[in-house]
Structure formats: structure tokens, C-alpha cells
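**Student:** Sequence first, predicted model second:
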Amino acid sequence: HLERMRIDLTSQAILMAHEFAPDLLARKSPPEVQSHGASHRPPNSDVPRGLVIDGQGGLLASSRDGDRELVGRRTAEPGVREALAGGEASGASSGAATGREALYAAIPVRDGERVVGVLRLSYDLGHVDDIKRQLRLTVFAGTAVAALLLLGLSLWTANTVARPLRSVGQAARQVAQGRF
């Protein structure tokens, strides 16, 4: 599943790189790029995390509000160096701030052959763990409810079958005792 997520993330990064290429080519300021990013942010803006990085490695915009103080500074996020050198980079890395593993894709934005910036997307795999944990709890709860319903149905069925058998048994005992 991680390989498919990596491929999907890379595809999203390529699409977004085309979206932000005009901003990078026009050398727009961080607030202008941030504004553009905010207008194109998906409803669930925490996943994936998007970074727009200029040709010198400086952060121009981020989809995370917590990154605002980093805008204008050089970033050492995994994959950025490779993308600035002209290659696509993707993989998994451990986040220094969170300690949780993240899947990332970094795509160079070009003007002809010259790299003018990088679009980097990352997905916190801790979210995947949270979703898996929630799924396990849901399956467990569903299984427990189903087991209780099955137990109740079994008791009802047993009682429904046993009641006539008890009557037949009682009638047989009366016949055996000579009471007709």
C-alpha cells in the first residue's frame, strides 16, 4: 500500500508543480505564493503537507499554518536537495519534529532546463496508523455486536425448538404413568 501511496503522492506533486510554476517563474514573494496556495488548498488541508520552495531552497509557502515562521528560510526537508539538482525524489523519512514517519515526493519546477523551484508533498504516516487503529476498533465493535446478536438469536431459537419438545416429553411421561 505504501508504494501505491508514494506513486499517488508523486502524481499529485507533479500536478501541483505545474500549478505553482508560474509563481516561481515570476519570482513572486512568499506572501503571494502563500495566498495562491491557500486558494488551492484542499478541504482536508493537513493531509498532505505541501511546500513550495524557491530555486535556492528557501521556503515560499506551506499548507500548514505551523510552518509560517519557516517561510523565507532554507529548508532541509528530505528530497529537496535532489529535486533542486533536477531529479524527482520520493520515499519515507522520519520527521524530526514529530518523530513519526512521513511519505514524501519532491518534484523540480523547471524553466526549460533550469530548476526554479521545488514542489514537495508529504503525508504523515501516523494518520495511516490512526486510521488502521480506528478500523480495528470498528471491526472489533462490529464483531462483538454481531456475536451478541447471534447469541440472542441462538437462545431464542433453542427456546423455540425446546418448548414443543418439553410439551411432547411431558405428554409422554403422562402416557407412561397411565394418564391419557
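**Tutor:** Good, I have the coordinates.
**Student:** Counting by contacts, list what the one helix or strand Gln170 maps to packs against.
**Tutor:** In this assignment (DSSP states H and E), Gln170 forms part of helix 125-176. Using 3 or more Cβ pairs under 8 Å, 6 or more residues apart in numbering; DSSP states H and E, the elements in contact with helix 125-176 are strand 101-111. Where you see a C-beta, it was placed from the backbone N, CA and C, and this is true even at glycine.
**Student:** By mean pLDDT, flag the weakest helix or strand of the protein.
**Tutor:** In the chain, no helix or strand scores lower on mean pLDDT, DSSP states H and E than helix 30-39, which sits at a mean of 65.
**Student:** any idea of the mean pLDDT in the helix holding Gln170?
**Tutor:** Helix 125-176 shows a mean pLDDT of 88.
**Student:** That one to strand 101-111, inter-axis angle?
**Tutor:** 140 degrees (axes from the mean of the first three to the mean of the last three Cα atoms, to 10 degrees).
**Student:** Run through who's touching stretch 76-89.
**Tutor:** Residues outside stretch 76-89 that contact it (Cβ atoms under 8 Å, 6 or more residues apart in numbering): 10, 51, 53, 55, 57, 90-91, 93, 104-108, 110, 115, 118, 120, 122.
**Student:** Could you pull out the buried residues of it?
**Tutor:** Across stretch 76-89, burial judged by 16 or more other Cβ atoms under 10 Å covers 77-80, 82-84, 88-89.
**Student:** So Gln12 belongs to a strand, correct?
**Tutor:** No: according to DSSP: H, G, I helix; E, B strand; the rest coil, Gln12 belongs to no strand; its state is helix.
**Student:** Hmm, it is touching Ser122, no?
**Tutor:** No: in terms of Cβ atoms under 8 Å, Gln12 does not count as a neighbour of Ser122; the distance is 10.9 Å.
**Student:** Need the overlap of contacts for these two.
**Tutor:** What both Gln12 and Ser122 touch, as defined by Cβ under 8 Å, 6+ apart, is the set 48, 105.
**Student:** Between the two, which has more neighbouring residues?
**Tutor:** Each of Gln12 and Ser122 has its neighbours counted (other Cβ atoms under 10 Å); Ser122 has more, 26 against 18.
**Student:** neighbours of the residue nearest to that one when sequence neighbours are not counted, just the number please.
**Tutor:** Setting aside the residues directly before and after it, Ser122 is nearest to Tyr104 in space (Cβ to Cβ, 6 or more residues apart in numbering), at 4.0 Å. For Tyr104, the neighbour count with other Cβ under 10 Å is 25.
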